[in-house]
Every structure is written in structure tokens, then in C-alpha cells.
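Chemist: Sharing a sequence plus its predicted fold:
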Amino acid sequence: MNPRFYQHFWDLVGGDVSSFVIKCLNTRVFPEKLNDTDVVLIPKKCVPETVADMRPIALSNVLYRIMAKMIANMMKSLMAKSVPHILSDLLVPEDVTRISRIPVSPDYEDSCYWFSDPKGIYTVKKAYRQVVGNIEYNPTNFGKWITLWKLKVPPKWKTFLWRAVCDILPTTTNLLMKRVEVDPVCPMCGLIHEDVMHTLISCDYSKIVWTISGLPVTNVITHSLPFWLTGILDMLTEEQCGLVVAVLYHVWAARNMAVWEGALPRPEQTWRRAATTYQAYCQVHHCSRQPVQQPTSLPGGLEARPRCFFNAGFNHQIGTATYGAVLVSHDGAFLAATNNHLATSHSPLMAEALACKEALSWIMARGVWQCCRSPTNLILAHSTNL
């Protein structure tokens, strides 16, 4: 029952409440769950979205609060008499005299005051700042925040880029630091540990996407994403910077697809999605821009020839590897396929290299002698133009 109930029906329940409280105080025993408190979150607005939109309120037992108030009022008179004796035991006489001269009025009720706030009001945010301290911005890490927030790209891309620069994306390295048990290997290449710089820039899959895009980002060599992005924003045009953000966002989306769906899209598809999405955003928002540069076509009409797609699988536990290859025509029609085991393969990288060798031997055995490899079709690209 809330306090208003007891106030309204005090003529009915007042005698029972007084008898119960006096009995508990005299016997120094009260029911076990009398002091239980329920914390209820009250929404501050109609549709709360975060914890900050909720106001915590503690609901305690009214009878317990009545007893606590009675004890506090009784101790006020006792403390006024016993404080001088306590001070004399702890402090020197000079300090006792000074403390005794401080005016204290027993008519005032005690109240809580939070010393970190000028008004004495406590909030969870201020307590958190008191514990962890204020976050100081280090200008040596990244000094292009204004330029970043002014980019003409979707807001969620800017938020993603902010999280990447601050290194708070859920990469395997960050998850392990948070004591989350995950496989530390990169889900895209499966070779080394995954951090933000590796996932977005230096991973073999990411390198292929950047090569296909034709953006001059390989000239910026660093092991820090903030420094890399600073060089990109200083060197490239506004349109190119928008494309860079689009590629970064869709590379991360491809990484998430590999984690949650177990399927990694082809690098060409990732670049095509990034370019198409950015182009559509610019058309809707009437951004002045040039058409997106598509990957250069192969010389001599090689794009009209058949294509071979291959891939390799590697089992870390037993150390065995397999490969598969599919031959399709220039318009995507199926021609032939093959698969088999790979011998003497000790790593995923070796498995990919052997798969490429076996695929080339297979297509040459079928009488396809002319082949071409563009710069975008590396060993890990899973495709070779013929």
C-alpha cells in the first residue's frame, strides 16, 4: 500500500500500524522481507528508447519507512548530547571548540547533497563521471571530426565511422578485451586476429574491394585508422570521401554477413552495393557529383570469354583441404564444374593457392588455353577471368 492509503484510512488502520511499529522497536525483531525495496523504471517520454529515457524510483515498505523515521527522530536528541563526548575522544580540544561553534538547527530535516553538482542533485551520469573521470579529447588521434560530420552521406554511415575511429566496433579483439569468448581469427580471411584496421583496410578481402573501387587509398600507409582516415580526408575530393565511407560501411556489412550467415559476398558485389547505395543517396538528396567510376573492363574483349570461379575449404582440426571450381559462360550460363581433395595443405592461404592451380589445370585440360588475370583477381579473389 502507498502512503496515501494509510493517510486516508488512518482512523481505521492507525491503531494496528502503531501497535506493530512499537512491537518491532521494543522486541528489535521485524518480518524478514519488511525492508525489501522494488526499483521501478518510470518512462520520461511516451516511447522510451534507451535507459536514459527511464527514471528509476525505489518503492519501499511504508511500515519500514515509518520505523526508520521514528529512529532517526529519536537519535537527533541523543546525538546532540553524545557528539561532544565523541569529539573529545577523537580530536584535540581546540578542534572540538571550533566544531561546537558551528550552528546546527534540529528543526531542519536532513537532506542528501551531491557535492559534484552545484545544485546538489545526484544523477547516474554525474556519478559515472565521478568514477571514470571526464573523457579528454586527444587531438593527435583524429582532428577531422568537423569534416567527418559534414560529409554528405547517410547519418548511419557517419555513426559507423565515428565508432570505427573510436575503436568501439565489435571486432574479435575488442570482444576478447570485454571477456567475450569468440574465435579471434578474422571471419573474412581466417588468417590473423581481427581489429578495426585489419577488417576495413588491410584484410585480403578488403584490399580486393579497394582495388576494384579504383580509389587511391593504397597510398596512405599506416597502422592506425584515425591517421589513415585523416590522410584520406586531406587527399581526396568530397565525392571520393563519400565513396570511401560507403566502401567502409559495406565492407563491415560483408564482415557481419560472414559472421552471422556464414557467407561472404564477392568483392565485386560489395563494391557494387557501396557505389549504388551512395549514388542513390546523392540522387535523392540532389548532391552535385560525377558518375561513379566503374571498374575498368578487360582489354581485347576478354569480358566476353568464359569465367571460372573457384574456392577452397580448409579444416583446421584435421588439416585437410578441398576445392571446387565452376566454369560459366560470359552471360552466366553453366558450362562445367569440378571438385576434389587437396594434398599437402597446411593453411587456408596454401589451400587457396592450390585451388587456383588445380582450377587452371582443369580449364586447360578442357581446351581453354587463353586466359587473362586482371589486377582485381588475386589468389584470394575466388575468381579468374579467362
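Modeler: Noted; the coordinates are in hand.

Chemist: can you pull out the strands in the stretch 201-350 of the chain?
Modeler: 307-315, 320-328, 334-342 (DSSP state E, counting those that start in this stretch).

Chemist: JSON lines for these, including distance to Trp228 and mean pLDDT?
Modeler: From N, CA and C alone the C-beta is placed, and that goes for glycine too. Formatted as JSON lines, the strands of the stretch 201-350 of the chain follow (distance: least, C-beta to C-beta, whole Å; pLDDT from 0 to 100):
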{"stretch": "strand 307-315", "distance to Trp228": "30", "mean pLDDT": "84"}
{"stretch": "strand 320-328", "distance to Trp228": "34", "mean pLDDT": "87"}
{"stretch": "strand 334-342", "distance to Trp228": "36", "mean pLDDT": "86"}
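
Chemist: closest one to Pro216 among the ones you listed?
Modeler: Among the strands of the stretch 201-350 of the chain, the nearest to Pro216 by C-beta to C-beta is strand 307-315 (27.6 Å).

Chemist: Spit out the contact partners of Leu34.
Modeler: 61, 63-64 (C-beta atoms under 8 Å, 6 or more residues apart in numbering).

Chemist: Make sure Leu349 is actually in contact with Ile192.
Modeler: No: between Leu349 and Ile192 there is no contact under C-beta atoms under 8 Å: 10.7 Å.

Chemist: higher neighbour count, the two?
Modeler: Leu349 (17 against 12; other C-beta atoms under 10 Å).

Chemist: quick one, what contacts the residue lying closest to that one once chain neighbours are set aside?
Modeler: Spatial nearest neighbour of Leu349, chain neighbours left out: Leu191 (6.5 Å); criterion: C-beta to C-beta, 6 or more residues apart in numbering. Contacts of Leu191 were listed using C-beta under 8 Å, 6+ apart, and they are 185, 204, 347-349.

Chemist: how much space between the residue nearest to the spatial centre of the chain and Arg255?
Modeler: Geometric centre of the chain, nearest residue: Leu169, 4.1 Å, by C-alpha atoms, centre = their mean. Relative to Arg255, Leu169 is positioned 9 Å away (C-beta to C-beta, to the nearest Å).

Chemist: anything in contact with each of the two?
Modeler: Thr199.

Chemist: circling back to that earlier point, out of the contacts of Leu34, flag the one nearest to Leu151.
Modeler: Out of those, the member with the shortest distance to Leu151 (by C-beta to C-beta) is Asn61, at 55.8 Å.

Chemist: how near is the residue lying closest to Gly143 once chain neighbours are set aside to Trp145?
Modeler: Leaving aside its sequence neighbours, Gly143 sits nearest to Thr230 (C-beta to C-beta, 6+ apart; 6.7 Å). To Trp145, Thr230 is 11 Å away according to C-beta to C-beta.
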